[in-house]
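# Sequence first, then the predicted structure, then my questions.
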Amino acid sequence: MNSPIRIALDARRAVRKMTGIGHYVRQLARYLPTLAPEFQFDLLVDRPLQDNAIPSGCTQQVLGRYFGDGTGPAKFYSPFWLNRHVPAYIKRARVALFHGTNFVVPISAPCKTVVTIHDLSFLRIPHAYGAIYRRYMKVQVQLACRQAARVITGSNAAKNDLVSLLKIDPERIVVIPHGIGEEFFQKHDRGYLQRVRGEFNLPARYIFHVGVIEEKKNLIPLIKAGVNVIKQGLTDAVIFAGRDGLGADRVHRFASEYGAEGCVRFLGYVSQELIPGLYALAQVVVFPSLYEGFGMPVLEGMASGVPVIVSGFSSLPEVAGDAAIILKEADAEEIELVLRTVLKDDELRADLRSRGLARTRQFRWEISAARHLEVYRQVLAMG
């Protein structure tokens, strides 16, 4: 009996606090084995996944050691893990294809590779990152794109950036949009929503933002606009859910100095179990980011039946389609004007909810995983 063809995925993000890339890896691992039982999918990690997090049809392979999330040792160890432990496992297990799910692949991989480049924010928004980080990421991404047979990205905007900024051959780039978790489409029972409201002591009405608190998210204009709308009696608070990232100290400092304490709240990292409830209870989701490779909160808000306001930059209009209000400048004045309009107009909110729900039907993880399989098969068939 022939052994199954082994495909290995860099699944380290799936064992960290869950963010967009972690969801991406977990959803691929959930659907790929069902769609392609002829393959064996190995999830390469540096610490074990919880038993119930290992999808049927996948095996986890713990390589090397774990140094924590975002620590100095972890940052230095990551390239070593990728270029020492991963190639050794690929040879030992006779892996046919390695998928670098988070920007990188081994410099010299002993098998065929594909890589997912989620965005080029470090080049598009350089002021939001340190010079050393920008140089490091540019080198790593260029090496990965050179090594990989195919480059996967989530939007045409991100593909255009890869072509224009890094001169990647467009024929080697495959655009595969992400999906939306089923948990955002569910009709939540009253008990769950009451638990979420009580967990965070949420006010009756609030504006909601999900994402890392960082420079590129353009959060200071949202704080200004939100405080002004609160003063006009249209809402009670602006709620941010997400861990601190680069530039978070400036955002927190501005909120304090602007007199926003109490009405602007930062929840920090929120578990995936509670995020759908935070969306569902919100009046409106605002995502004014200056740059995104995809922008999952846009679709998550829509799937939750909440009106969405989004900036008109990078991939966001492509993801939102005609189902959200698109900001032209995404400055404080425009955000405030649009918020006032949406919060005062019942018919507009109902229309945005309807269009949002229709829009999100196009985005399913099963479809995304099937398109990844097409790429894997294409690369495996190459001479």
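That came through fine.
# So for Ala324, what pLDDT did the model give?
Looking at Ala324, its pLDDT is 97.
# How many residues are close by it?
25 (other Cβ atoms under 10 Å). No exception for glycine: its C-beta is placed from N, CA and C like everyone else's.
# Repeat that for Gly130.
Gly130, neighbours per other Cβ under 10 Å, totals 11.
# ok, it - contacts?
Residues in contact with Gly130 (Cβ atoms under 8 Å, 6 or more residues apart in numbering) are Leu246.
# just the one 4 residues further on next, same as before
For Arg134, the contacting residues are Phe122, Leu123, Pro126, by Cβ under 8 Å, 6+ apart.
# contacting residues around the host helix or strand of the first one?
To tie it back to what came earlier, the one meant is Phe122. Assigned by DSSP states H and E, Phe122 falls within helix 121-124. The contact list for helix 121-124, computed with Cβ under 8 Å, 6+ apart, reads 128-129, 133-134, 137-138, 161, 165, 216, 291-293, 314.
# That helix: what's the following helix or strand?
That would be, after helix 121-124 and using DSSP H and E, helix 131-147.
# Distance from the next helix or strand after that following helix to the middle of the chain?
Later in the chain than helix 131-147, the nearest helix or strand by DSSP H and E is strand 150-153. The chain centre lies 16 Å from the centre of strand 150-153; the measure is Cα atoms, centre = their mean, to the nearest Å.
# C-alpha coordinates for strand 150-153, CSV please?
This file holds the C-alpha atoms of strand 150-153, laid out as CSV (Å, rounded to 0.1, in the frame of the first residue of the first chain):
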residue,chain,number,x,y,z
ARG,A,150,3.6,29.8,-5.9
VAL,A,151,2.8,32.8,-3.8
ILE,A,152,-0.7,33.0,-2.2
THR,A,153,-2.3,36.2,-1.0
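# For that strand, enumerate the helices and strands it packs against.
Counting contacts by 3 or more Cβ pairs under 8 Å, 6 or more residues apart in numbering; DSSP states H and E, strand 150-153 packs against strand 112-116, helix 156-166, strand 173-175, helix 365-380.
# now, of these, which is deepest in the fold?
strand 112-116 (a mean of 24; mean count of other Cβ atoms under 10 Å).
# quick revisit: now the contacts of Arg134: which count as buried?
Among the contacts of Arg134, those scoring as buried are Phe122, Leu123 (criterion: 16 or more other Cβ atoms under 10 Å).
# now the contacts of Arg134 in a markdown table, with pLDDT and distance to Arg16?
What follows is those, written out as a markdown table (pLDDT from 0 to 100; distance: Cβ to Cβ, whole Å):
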| residue | pLDDT | distance to Arg16 |
| --- | --- | --- |
| Phe122 | 92 | 19 |
| Leu123 | 93 | 24 |
| Pro126 | 89 | 25 |
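# Can you tell me which of the contacts of Arg134 lies closest to Gln272?
Nearest to Gln272 among these is Phe122, at 26.2 Å by Cβ to Cβ.
# what's the distance between that closest one and Ser78?
Using Cβ to Cβ, to the nearest Å, Phe122 is found at 16 Å from Ser78.
# go on, Ile107?
From Ile107 over to Ser78 (counting by Cβ to Cβ), the distance is 13 Å.
# okay, these two: which has more neighbours?
Using other Cβ under 10 Å as the criterion, Ile107 and Ser78 rank with Ser78 on top: 17 against 14.
# Right, I'll call it a day here.
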